[in-house]
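# Structural data only, the sequence is not supplied:
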């Protein structure tokens, strides 16, 4: 059924709380990684990607905070997210947005695979014609 206005507000508050909590946790882990880097340890590829993602999220947080702090500006957030889809820190993304990104990435990979398969087939035909 439909949710009441109160339930929608509570859900949004939970969403923001969880997003900030995840961002805080990622920031603590990233700080430990930076500490390890400063002491000469080498990060794995996965740790490096997580550190970069967390730093990018922290930079994205500044414009996002404007929408959270200024009263009634959160109503404009969907408009700005439509214009700037990467503005939202990764910890604030919903499951549907993550699925949509994965679908786009999969479609792009499928198109690339199809293109490469056609190119290889075309090159094989040329080579066969040249040798035959």
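Nice, thanks for sending it over. Computed from a prediction, not measured in an experiment: that's the story for all the values here.
# ok, now how distant is the residue most central in space within the chain from residue 64?
The residue lying closest to the centre of the chain (Cα atoms, centre = their mean) is residue 90, at 4.8 Å. Residue 90 is 11 Å from residue 64, where distance means Cβ to Cβ, to the nearest Å. All C-beta atoms are positioned from the backbone trio N, CA, C, and that covers glycine.
# For the strand or helix carrying residue 121, what is the distance to the chain centroid?
Per DSSP states H and E, residue 121 falls inside helix 95-131. Computed by Cα atoms, centre = their mean, to the nearest Å, the chain-centroid distance of helix 95-131 equals 23 Å.
# Over to stretch 123-132?
44 Å.
# Now do the buried residues in it.
Buried residues in stretch 123-132, counted by 16 or more other Cβ atoms under 10 Å: none are found.
# what mean pLDDT does it have?
Regarding stretch 123-132, the rounded mean pLDDT is 86.
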